[in-house]
Structures are given as C-alpha cells and as structure tokens.
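Colleague: I would like to see how this sequence folds:
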Amino acid sequence: MTKPRYLAETIAAPAHRAGEQEIDYSVPADDEVKKTTCYMCACRCGIKVHMKEGKIRYIEGNRDHPVNKGVLCAKGSAGIMTQYSPARLTKPLKRVGERGAGEFVEIEWEEALTLATERLARIRATDPKRLAFFTGRDQSQALTGWWAKQFGTPNFAAHGGFCSVNMAAAGLYSLGGAFWEFGEPDWERTKYFLMFGVAEDHDSNPIKIGLGHLKGRTGTDQAKFVSVNPIRTGYSAIADEWLGIKPGTDGLFVLSLIHELLRNDKIDLEFLVRYTNASWLVINAPDTEEHGLVYRNQDGDPLCLDRNSGDFVDALRAGVRPHLIGPVNLPDGRPARSVLDLMVERYRDPIYAPSAVAPQIGIPAETIMRIAAELAEVAFEQTIEIKTPWTDWAGRHHESFIGRPVSMHAMRGVSAHSNGFQTCRAIHVLQMLLGSVDCPGGWRYKPPFPRVPGSGAAPSPMVGPNQSLSGMPLGFPQGPNDLLVDALGRPQRIDKAYSWEAPLALHGLMHMVIHNAWKGDPYTIDTLFLYMANMAWNSSMNTAGTMDMLTDKDPVTGDYKIPYVIYSDAYYSETVAFADLILPDTTYLERWDCISLLDRPISHADAAGDAIRQPVIKPDRDVRPFQDVLLDLGTRLKLPGIAAEDGSALYPGGLHDYILKHERKPGIGMLSGFRGADGTEMGRGKPNPDQIQRYIAQGCFNEMPIPENARFYRFGNQDYLQWSTARGLIDSPDPMVLQLYCEPMRKFQLAAEGFGSKQPPNEADRARIKAFADPLPIWYPPFGEAETTDGFPLHALTQRPMHMYHSWGTHNAWLRQLQSRNPLFVHHTTAAALDLADGDWVWIESAHARVKAEVKLMDGVHPGTVWTWNAIGKRKGAWNLTPQAPEAKTGFLLNHVISELLPARADGYRYTNSDPVTGQAAWFDLKIRLVKCGADEAHETSPSFAAQPRRGEPQSTLRYGAGMGRRKAP
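Modeller: As a prediction, the model looks like this:
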C-alpha cells in the first residue's frame with residue numbers, strides 16, 4: 001500500500017513531456033490556512049481551510065484532530081460550495097404577501113430586531129409559554145436551551161425528538177450514557193461488533209475509520225462485524241454477516257438472544273452483581289402502592305438479601321453475597337424477588353425462543369441461536385486483559401482490566417420506531433448480561449459520560465410573566481411528580497412533552513409543535529421561533545399537511561392560526577416561504593461556534609474533548625450569526641444573565657464573549673481547556689480571556705486525556721470518578737449502578753394503576769402507560785403494523801446517503817453532481833409479484849396520502865421493505881434551484897405519505913405517531929402499498945407544489961475556482 005498523500009504536502013512536480021502543455025507548478029495553492037471545525041454533518045471533524053486572495057481554495061481534514069484524524073468525506077470537502085451556494089440568504093426579510101407565497105421585502109437589521117423584540121417582550125410580560133422556540137440539528141443547544149430558560153418559556157426543544165431520543169433516553173436511564181455521541185465501540189480491541197440500524201451518514205468518519213480498522217485486521221486479530229438492518233448499503237454492505245431483519249423487530253431479536261444466553265447460563269454474573277441492580281429486591285405485592293418498586297431502607301438505599309449473614313443489607317455494600325434466584329420474604333412479610341430473578345422468569349419464557357421469534361423477524365432460528373453462541377464464545381472464551389492497576393468504587397485494588405470484547409452500536413434504524421425505547425433498552429440489557437459495558441473490547445463511554453443512570457434535574461414548568469424558569473426546560477423525570485401536567489393531567493408544554501403521552505420526552509416533540517399550535521391543543525401560541533429547522537419539508541412530517549397548517553386561517557377572524565413565525569436560516573429553504581420574519585444566519589465558515597462538553601462535544605473514549613469554530617471568511621452579505629442575534633435579543637429583552645441591571649449587554653461581543661465569560665456554575669464554562677487566569681487549568685477554573693486564542697493556536701480543539709488507570713469500568717472506577725469530579729464532568733465521585741430494571745418506569749405504571757397524587761386523566765392514557773412503560777424491556781409490534789390489515793403490506797424506510805446530510809447538502813453544487821434524484825428501491829421478488837421492472841414508475845400509497853417515484857430493483861433489502869434516500873426531493877424554486885431541477889422533478893420525499901398522527905380511536909382522539917414513552921417520531925413505522933403507474937403518469941414525481949419564487953439568479957455552473965491558478969502558454 002502506498003503512503004497516503006495530503007493536499008497540503010509539498011511534492012516534486014512531474015517532468016515535462018514533449019508536446020504537452022506546460023503547467024507552472026510554482027503557483028502557490030494558498031496564501032493562508034485556517035483551522036476550524038466542519039459543519040457539513042454532525043461528526044464535527046477538524047478541517048484546514050486553505051485561502052487564496054480572500055476566497056476558499058480547498059478544504060482538507062486536520063490530521064491532528066481527534067475526531068477524523070485527517071479523514072474528510074465528500075460533504076466536508078464540498079463545504080466550499082455550501083459557502084458559495086446561491087441559496088444563501090442575503091438580508092433580513094419581512095413577509096408582505098400571503099404565507100407560503102414567498103413574497104418579502106428586504107429590511108434593515110434594526111427594524112428586524114425591533115419587530116422581534118416588541119413581539120417577544122409582549123409575550124414575556126403576559127404569558128411566556130406562548131413563545132415556542134425550537135431549533136434544528138446541532139444548533140448550540142447549551143446556549144439556546146439556556147436562553148429559553150432565561151426567557152421563561154418551557155416550550156423549547158431541538159431536533160432529537162424525531163431523530164434519536166429513544167437512543168438517548170434508553171441509554172441514559174440504563175447505562176448513564178448512550179450510543180453514538182455518548183459512547184463508541186472499542187475499535188482497537190473488539191472482536192465481535194454487532195450493529196443495529198445504522199445508515200452511513202451517522203458518525204460517518206469515525207465509523208468509517210473504525211470499520212476500516214476492523215476489516216484490516218488479519219490472522220488471530222480478526223474481528224467479526226454483524227449488521228442487523230433491513231437495508232444492505234454502506235456499512236451493512238461490508239459486514240461479514242448481514243441480517244436483513246423485518247423493520248421494527250430488532251427488539252424481539254435481541255430478547256431472543258437474551259433468552260438463549262439465559263437458557264445456556266452464559267452471563268457475566270460477577271459483573272451483574274458488582275455493577276448493576278441485578279441483586280436489588282423488588283417488592284412483589286400486587287394491588288399495593290409499592291408493588292414493583294425497589295425495597296429500600298429509611299435512607300433510600302436499595303436492599304438485597306445477603307446469603308452470608310441472612311440479613312437485608314445495602315445492595316451497594318462491598319463483599320455482599322446476594323440472593324439472586326427465587327422469592328424471598330421481607331421482614332414485614334411481603335414477598336420480593338431480585339431484579340435478576342424477574343429477568344430470568346420473563347426472558348426464559350418460550351415466547352422469546354428462537355423458534356417462536358424467527359417467523360416474526362425474518363431471520364432463521366438457527367441464526368439466532370448461532371449469533372447468541374458467538375456472542376457468548378467471544379465474551380467468555382476470548383477475554384482480553386490490559387495490565388494496568390486500578391481501584392474500584394469500594395477501594396478494591398485490581399492488577400488489570402478484564403475485557404469482554406463484544407461491542408454494539410445502534411442508531412435511527414431502531415430509534416425511529418414506536419417501540420424504539422424498549423428496543424434500545426433491550427440492547428443495553430444484552431450488553432450488561434455479557435459484561436461488555438466500558439471494558440476493553442466492549443462499548444465504551446465518551447466524556448462527560450457516564451453519569452448516574454436517569455439522573456439530572458427535572459424539566460421546569462413556567463413560573464410566570466417576566467420570570468425565568470427555575471431550571472432548564474428539558475430534564476429527567478424520575479416519576480409522575482416530575483411531569484409537566486396541570487391538576488387535571490393536561491400537558492403544560494405545547495408539544496406535550498413530559499405528559500402522560502410521552503413521559504420521558506427528553507428531547508421534546510419537535511414534530512408536533514406546528515400541529516398542536518395550529519389546533520390550539522393544549523393551548524394556542526403567539527409566536528413560533530425556529531432556527532435552521534426546515535419544518536415544511538421535514539423527514540418525519542407530512543409536507544402538504546405542514547404547509548397547510550402554517551397557512552391556515554381562523555374563519556372568523558381571518559388571522560393565521562399560528563399568528564407569527566420568526567425563522568432564522570442561512571439558506572432559502574422551503575420553510576422560509578412560510579415565515580413572517582427572516583433573520584438570515586451566516587454559514588459555518590463565517591461565525592464562532594462552541595462544541596461544548598455542556599452540549600455535544602468531540603470526546604472519544606480515552607479523552608474529554610471540545611472544540612470551536614472560528615470565522616475563516618467574512619460575510620459578503622448583510623447577515624449575522626444567529627447565536628449573536630439571540631444574545632442581542634436577550635439584551636433588548638433585558639433577560640437576566642444576558643443583560644446587566646442597567647440594561648447593558650453582558651456579552652457585547654456576542655457568542656465570542658459568551659464562550660469566554662459564561663459560567664453554567666462556578667468554574668464550569670462553555671469550554672474546558674485553558675481555564676484560569678494563566679490558562680493552566682483544565683475542566684474547572686475561572687474564565688480566561690485568552691482561552692479562544694489558545695484553542696485557535698491548537699487547531700480549534702482541546703483534549704483532556706483520561707489517565708490509563710481510569711479508562712475502563714468508569715461507572716465504578718474510583719480513579720475515574722475522582723478525576724472526572726475534579727474536572728467538573730460529574731458532581732461527586734459516587735459509583736454509578738447500571739440499571740437492568742428501570743424503577744422510574746414502574747412509578748409511571750403505578751400511577752396508571754391508580755396510585756399516587758398524579759395519575760393519567762383518562763383510561764386510554766392509563767392503558768398506554770400500563771402496557772408500554774415497563775421497567776424491564778419488552779417488545780410490541782410498531783403501531784404502524786395496524787395498517788397492514790388495511791391493505792398496506794410493505795414497510796417503507798428512508799436513510800441518508802453518505803454524501804448528503806439533511807437539506808444542508810442537497811443544494812450544494814458539487815454534491816448535487818453525485819446525486820440529484822432518488823428512486824424507490826424494491827426487492828426483485830417483490831417487484832416480480834407486482835409486475836414491476838427496473839425504471840417503472842409507481843404510486844406509493846399509505847393510509848394518509850400518496851407519492852409517485854421511479855423503481856430501482858435490488859437484492860440487498862428485506863423483501864417486505866422498500867426504501868429510498870431522504871432529503872433529496874425539493875419544492876420547485878426552493879434553495880434557489882430552478883423549477884426544472886431534478887430534485888423537484890424526479891426526486892421525492894417519502895414523508896409526503898407520513899402522518900404525525902395515528903388513526904383515530906373510537907372516541908375520535910388521535911395519538912401522535914410516536915413512541916409512547918419518549919415521544920420519538922415513529923416515521924420508520926410507515927406501511928405502504930405500490931400501484932404501478934400508467935404510461936401517461938411516468939417520468940415525473942407527484943405531488944408537486946407551486947414553485948417557490950426564487951431570490952436572485954440561480955447558479956449556472958457547477959465549477960469553482962477557475963481563476964485561482966495560472967498556466968503557462970503552450
């Protein structure tokens with residue numbers, strides 16, 4: 001293999017050949033290089049931006065950066081064309097025509113900010129919850145959530161409710177961490193990698209690097225990669241084994257694996273006793289208010305039965321030999337059982353046997369049994385050892401770390417189902433049974449995780465006019481008393497997060513904001529404030545329905561049902577046309593950003609890390625960074641913490657000043673590096689005015705390496721707990737017990753059974769909580785399965801291509817050359833049964849609507865599943881593309897046939913098309929049928945909406961940089 005070369009390297013020019021044009025290789029490629037952080041997806045890779053004469057010449061990966069180590073994908077390299085996109089907004093806009101018509105006048109910033117301030121001030125002085133503030137992907141939530149707190153509205157959330165809240169909630173309440181941004185496989189040491197439902201856009205560069213490492217290992221160092229996914233593309237295409245599972249049945253597959261492990265006694269009992277709540281006793285007293293709760297002493301400590309002494313003792317005490325199997329009688333005479341005993345009884349049930357599960361998931365029983373055996377063989381027969389001394393939470397000294405080299409990863413493919421929370425919980429239980437959590441070769445945390453499972457402040461309700469919230473708008477409920485519902489059980493948030501419909505909605509329900517505001521359920525709002533959230537064309541929401549709700553008027557007053565929409569974006573997206581006031585944002589190469597440990601950092605398993613973006617180029621338009629605008633609005637509104645008592649700005653330099661000066665609590669700021677007066681403190685310390693410059697000098701990132709004796713078993717590693725506490729990552733060095741049994745879920749069930757002061761207000765909510773808020777993982781068919789009986793036999797899924805990311809990529813001239821249209825992929829056997837051939841056009845029909853697309857046949861998909869790439873289709877004229885652009889003519893969106901609501905119940909009420917525990921949008925539950933188009937219907941997609949008026953002239957060339965070099969005359 002040849003040594004990799006990099007664009008920035010100086011290389012010798014090739015010898016000139018007679019008759020060829022002579023090229024002057026002495027022309028410098030750049031005259032300046034600036035380092036910053038990429039924004040073309042959520043990986044947050046380090047980049048080097050090469051400038052020439054004030055323009056971007058090219059972008060390459062930063063080889064020193066911990067995330068990508070110099071690797072850069074097509075998206076990152078094409079950041080040039082996002083910077084110079086013709087879709088960029090150029091000036092604040094005020095609507096003058098009807099909503100949706102795209103008729104605006106340009107206004108000055110002072111007018112725009114005055115309009116926004118006057119409206120927001122009126123809301124804050126009367127009823128702050130009538131502001132709904134929701135932001136899009138990766139948008140500085142540590143700032144925006146705090147701003148919502150200071151304003152006083154509980155109605156804040158970001159994109160996670162339709163992306164990955166099932167992942168986050170299940171992991172945080174089970175392990176105190178979660179997949180992707182909160183953890184990663186031990187790529188260096190794992191011997192068996194099991195991946196669930198991950199498309200190639202997620203964590204793409206780190207996963208590509210990791211999989212490259214796995215696939216490159218040889219001899220006895222080889223690792224097996226098994227992918228569980230209905231679609232075989234990207235990562236699944238290079239897996240050693242692909243399991244093309246039926247969508248939405250991953251949880252049943254995992255519970256069958258657990259059944260096999262328990263049946264064959266292949267579990268890590270020592271790990272379970274020492275680090276999980278397996279030994280905790282659960283009260284077994286049906287029809288009482290403590291049935292299913294953990295048995296505790298007066299101090300709240302969980303108890304177990306010590307077989308050495310025969311006493312009921314603190315289950316966290318070192319050296320206890322707990323009773324694990326069989327019932328026990330508590331001192332008061334009530335029966336109880338250990339968590340492990342409850343698990344064994346449940347998952348040894350024949351309903352989870354491979355022979356019973358196989359027909360439901362589309363994977364042979366023999367395969368299920370073999371995968372379980374392989375997991376056990378690698379975990380227990382191929383253990384690895386790292387000879388580094390360490391001390392555990394009880395003060396016990398260990399000479400080495402023992403690793404069970406089985407690792408797992410999962411993402412939206414399991415998250416975006418209505419059973420996704422319990423499926424993700426099941427995966428984490430599987431990890432715990434194998435003892436493969438945060439050990440060498442297993443799945444490992446990324447700082448600031450782990451944290452105590454399920455810990456954190458509860459979400460805060462509104463206090464009153466001109467009052468800030470007492471805490472953050474998003475939080476971690478521990479039971480019914482933490483829900484945001486009124487005395488009648490009605491939701492207090494516009495999206496109904498933290499209500500009986502979605503008690504653990506840690507990321508909110510962004511996909512329900514427009515619908516609920518339009519319907520006035522649970523109340524009406526005054527202003528919808530959105531940031532980089534293309535809601536009119538979102539992958540989990542029905543496009544036509546969303547646009548109708550944004551434009552619908554009250555027939556009596558003639559006013560819009562959603563009175564006012566403020567929108568900030570850098571680009572002319574579909575949603576711009578439906579806003580009343582547009583605050584144009586900069587690109588990621590024109591502003592400061594903070595990738596903070598308080599938000600979504602760049603940590604990896606061996607180091608805590610954070611980063612910044614610096615402006616590498618000045619805007620050539622009248623635009624401002626949204627974060628600066630938000631702080632400006634906060635000053636104008638005199639929000640506490642943003643404006644001083646005299647009304648002056650506490651952060652006059654905008655986000656740059658906020659990064660430097662803001663402290664979430666004493667010594668803890670937005671950045672962890674170079675703190676203190678002299679910049680020598682890490683993690684915790686006073687603000688340092690030179691901090692940002694220190695970051696820039698180091699490549700716009702910083703790392704805090706974890707000591708080698710603190711890198712594994714961090715939930716119970718005394719060395720890590722002390723190191724992490726000293727740096728402000730956690731508050732105290734207490735051990736963190738992993739949760740096989742999630743007690744907060746049982747508290748919600750008890751409320752549904754009629755106990756406690758807060759109970760579900762109706763029988764339908766009671767039934768849902770009883771059925772789905774189970775403290776041990778369960779599986780149930782996705783709610784979309786109900787539509788199968790109505791003639792919709794096929795599952796329909798979407799995923800993003802590796803070279804695109806949301807709408808951000810599909811207006812990029814270079815990336816459009818890679819893809820500007822998308823077909824519907826159908827299995828050959830399914831197509832044959834429907835008389836479909838490659839290139840035919842079909843109507844994709846759901847219970848809600850239909851959309852037309854071209855068919856492409858393939859083998860690598862579950863036969864009962866069709867799929868397409870998402871975010872390709874565009875409204876005509878949007879993003880300043882011509883109405884004839886292929887994205888609008890032959891590209892399509894599957895969410896044309898998705899609904900945010902489930903079918904009506906007998907009483908007419910419609911629940912959201914979401915997970916009943918977390919509120920995660922269940923857009924992967926979609927069921928459809930295919931109807932072949934007639935010859936006169938082919939060749940162009942439908943529905944097609946009226947063209948959005950373009951702003952300015954569209955770009956006419958797909959080339960860039962033609963004038964940046966010189967060539968000698970031939």
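Colleague: can you tell me the SS state at Ala379?
Modeller: Three-state assignment for Ala379 (DSSP: H, G, I helix; E, B strand; the rest coil): helix.
Colleague: do I have it right that it meets Ser407?
Modeller: No. The criterion here is Cβ atoms under 8 Å, and Ala379 misses it with Ser407 at 10.5 Å. Every C-beta, even on glycine, is put in place using the N, C-alpha and C of the backbone.
Colleague: any common contacting residues for those two?
Modeller: 192, 436 (Cβ atoms under 8 Å, 6 or more residues apart in numbering).
Colleague: show me what contacts the residue nearest to the spatial centre of the chain?
Modeller: Geometric centre of the chain, nearest residue: Ser164, 3.9 Å, by Cα atoms, centre = their mean. Ser164 makes contact with 180, 411-412, 415, 507, 920 under the criterion Cβ under 8 Å, 6+ apart.
Colleague: and if we set it to 6 Å?
Modeller: By Cβ atoms under 6 Å, 6 or more residues apart in numbering, the residues touching Ser164 are Ser415.
Colleague: and what of Ile566?
Modeller: 116, 529, 581.
Colleague: do the same with Lys553
Modeller: Tyr560.
Colleague: and Lys496, that one's in a strand?
Modeller: No. Counting by three-state DSSP, one finds Lys496 to be coil, located in no strand.
Colleague: how far away is it from Ala871?
Modeller: Lys496 is 27 Å from Ala871, where distance means Cβ to Cβ, to the nearest Å.
Colleague: ok, back up a step: let me know the closest of the contacts of Ile566 to Glu20.
Modeller: Nearest to Glu20, judged by Cβ to Cβ, of these is Leu581 at 57.6 Å.
Colleague: quick one: pLDDT of that closest one?
Modeller: Here the pLDDT value assigned to Leu581 is 98.
Colleague: what sits opposite it in the beta ladder?
Modeller: Here Leu581 sits in beta bridges with Lys94, Ile566, going by DSSP bridges.
Colleague: run a quick neighbour tally on it.
Modeller: 23 (other Cβ atoms under 10 Å).
Colleague: right, and Lys387 touches Ser400 too?
Modeller: Yes. Lys387 is in contact with Ser400 according to Cβ atoms under 6 Å; the separation is 4.5 Å.
Colleague: so which of these two has more stuff around it?
Modeller: Each of Lys387 and Ser400 has its neighbours counted (other Cβ under 10 Å); Ser400 has more, 14 against 7.
Colleague: show me what contacts the more buried one?
Modeller: Ser400 sits in contact with 385-387, where contact means Cβ under 6 Å, 6+ apart.
Colleague: again, only using 8 Å
Modeller: So Ser400 contacts 385-389 (Cβ under 8 Å, 6+ apart).
Colleague: with distance to Leu433 as new columns, can the contacts of Ile566 be given to me in TSV?
Modeller: Output for those, formatted as TSV (distance: Cβ to Cβ, whole Å):
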residue	distance to Leu433
Ala116	53
Phe529	45
Leu581	54
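Colleague: beta-bridge partners for the residue nearest to Phe792 when sequence neighbours are not counted, please?
Modeller: Distances taken as Cβ to Cβ, 6 or more residues apart in numbering place Lys927 nearest to Phe792, at 4.1 Å, with adjacent residues excluded. Taking DSSP bridges as the rule, Lys927 bridges to His795.
Colleague: what about Lys927, how many neighbours?
Modeller: 23.
Colleague: what helix or strand does Asp632 sit in?
Modeller: Per DSSP states H and E: Asp632 is located in helix 626-636.
Colleague: His108 and Arg624, how far apart?
Modeller: Not His; residue 108 is Glu. For Glu108, the distance to Arg624 - Cβ to Cβ - is 12 Å.
Colleague: so for those two, which sits in the more crowded spot?
Modeller: Arg624 (22 against 11).
Colleague: am I right that the more buried one is in contact with Thr586?
Modeller: Yes. Taking contacts as Cβ under 8 Å, Arg624 lies within contact range of Thr586: 6.9 Å.
Colleague: contacts made by the helix holding Asp632 with the rest, please.
Modeller: Residues contacting helix 626-636 (Cβ under 8 Å, 6+ apart): 113, 116-117, 120-121, 139-140, 143-144, 147, 150-151, 531-532, 568, 583, 585-586, 591-593, 642-643, 647-651, 654-655, 658.
Colleague: in that helix, what's buried?
Modeller: Neighbour-count burial for helix 626-636, with 16 or more other Cβ atoms under 10 Å as criterion, is recorded at 626-636.
Colleague: mind putting those into a markdown table with pLDDT?
Modeller: As requested, those are exported to a markdown table (pLDDT from 0 to 100):
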| residue | pLDDT |
| --- | --- |
| Phe626 | 97 |
| Gln627 | 97 |
| Asp628 | 98 |
| Val629 | 98 |
| Leu630 | 98 |
| Leu631 | 98 |
| Asp632 | 98 |
| Leu633 | 98 |
| Gly634 | 98 |
| Thr635 | 98 |
| Arg636 | 98 |
